[in-house]
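Visitor: Next one to model:
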Amino acid sequence: MVAPALYVHVPFCPSICPYCDFHKMLRNEGLVARYVERLEAEAAAVSAAFPESPATVYFGGGTPSHLTDAELTSVFSALRRGWGAGAGRAETTLEADPLTFDERRLAALRALGVTRLSIGLQSADDATLRFLGRVHDAAAGLEAVALALEAGLRANVDVIMAVPGQDVERDLRRVADLGVRHVSVYSLTVEPGTPFARRGVRVDPEADADAFELAGSVLAEYGLQRYEVSNFAAPGEESLHNLTYWRGEPYLGIGPSASAYLPVGGPFGTRYKNPPIKAWLAGETPEAEALSADDYLLERLMTGLRTREGVDLEGLERRVGAKLANVAPAWLRDVTRHALLERTDGRLRATPAGLERLDGVLRAFVGSRTAIAADRRA
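Guide: Here you go, the predicted structure:
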């Protein structure tokens, strides 16, 4: 069984942003040491069960670059012991905070095998950064991006949009002017339980929609095209690891709260979810959920329609044994009539208008569909 991708979750952060609801925490030296030891054991166990070297490796968090050189070396060594030197041969990405690396650190990361940094810049404006609770200022953030590019690493730069008072166009141009070939833009989302939610922060829907449209036009001037709802890249600079998710391909996951999807346990595969760090350190096993045909169809539409390439609808219908026109006839008729989705060459794709309203399009599908089992009996 081949799993083309491996995700490694690193939950430690130098500070906690008020909008973030990922599984994260401030570092504690004893806790980090236990984390590294447990991760080494998990890598050994998972690689024994799935020995094929993953082509891409992605270190997410948290802030993986917050680990020390020695800690990262231990983690990379564990991956190589398990999967050999071929692990991450196509792409190895590390999420990084701008204040956690300099020229020396970048050289060390390259020596470990990192080929790509995903840099959490979030904004190139000091007031916006302060509102978001970021520790770095605009000058330090932009300098970090420039250093990564000068070091020969590919750099994905994250920008948060629809922040109250933000000049989105200025933010995007300051980033793109550096020569970045991949930009990820995310609307500010206020998740329940976060400090922003407790403070009553709200996102203006009109500002959100305007920012979505503006990002496409501004970044296109720099040769960056939207290949996924939130991601823009020059040709050949797309994130290979993330394309694995969006195409519904198998992937492994290690670390606390890490997820995996594997083609085992049934005809549509099984999702796995590691427990949070306390239970994970104690060795508790991940939750497992075998997907049904209905689950699989929904997941492929939810991920595939986010991308420019869309979904291989004919192949998907053969896989689940049902026609989409029978499962959700009114929905399919409405979204195509209103030019939100289009079907060409056996693929189903979102139009530009459909991408902007994709959440609503998918909610409508969930509300209108019938069970695939019932469709098969018809």
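
Visitor: so where is the stretch 1-150 of the chain shaky, pLDDT-wise?
Guide: Screening the stretch 1-150 of the chain residue by residue with the criterion pLDDT under 70, one finds the ranges 1-3, 21-22, 24-25.

Visitor: now the strands: where do they sit in the stretch 101-250 of the chain?
Guide: In the stretch 101-250 of the chain, strands defined by DSSP state E, counting those that start in this stretch lie at 116-122, 154-161, 182-187, 225-228, 231-233, listed in chain order.

Visitor: tilt between the second one and strand 182-187?
Guide: This points to strand 154-161. If you take axes from the mean of the first three to the mean of the last three C-alpha atoms, to 10 degrees, strand 154-161 sits at 20 degrees to strand 182-187.

Visitor: what's strand 154-161 packed up against?
Guide: When contacts are defined as 3 or more C-beta pairs under 8 Å, 6 or more residues apart in numbering; DSSP states H and E, strand 154-161 sits against strand 116-122, helix 138-150, helix 168-176, strand 182-187, helix 205-221. All C-beta spots, glycine's among them, are computed from the backbone N, C-alpha and C.

Visitor: Please name the strands paired to that strand in the sheet, noting orientation.
Guide: Strand 154-161 pairs in its sheet with strand 116-122 (parallel), strand 182-187 (parallel), by DSSP bridges.

Visitor: Deepest in the core, which of those strands is it.
Guide: When the strands paired with strand 154-161 are scored by mean count of other C-beta atoms under 10 Å, the highest mean neighbour count falls to strand 116-122 (a mean of 26).

Visitor: now the angle from that one to helix 138-150?
Guide: 170 degrees.

Visitor: can you offset everything so residue one is 4?
Guide: All set: I'll call the first residue 4, so the last point we hit is now strand 119-125.

Visitor: that older thread, dump the strands of the stretch 104-253 of the chain into a markdown table; add distance to P101 as well.
Guide: Written out in a markdown table, the entries for those read as follows (distance: least, C-beta to C-beta, whole Å):
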| stretch | distance to P101 |
| --- | --- |
| strand 119-125 | 6 |
| strand 157-164 | 10 |
| strand 185-190 | 15 |
| strand 228-231 | 24 |
| strand 234-236 | 20 |
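
Visitor: Any idea which of the ones you listed gets closest to E252?
Guide: With C-beta to C-beta as the criterion, E252 lies closest to strand 228-231 of the strands of the stretch 104-253 of the chain, at 14.7 Å.

Visitor: What's the mean pLDDT across the closest one?
Guide: For strand 228-231, mean pLDDT rounds to 97.

Visitor: sorry, back to before: between the helices and strands packed on strand 157-164, which one is closest to P259.
Guide: Using C-beta to C-beta as the measure, strand 119-125 is the one of the helices and strands packed on strand 157-164 that comes nearest P259, at 19.3 Å.

Visitor: Would you mind confirming that W334 makes contact with F368?
Guide: Yes: counting by C-beta atoms under 8 Å, W334 sits close enough to F368 to count as a contact (5.2 Å).

Visitor: thought G357 was touching L365?
Guide: No: assessed by C-beta under 8 Å, G357 is found out of contact with L365, at 10.2 Å.
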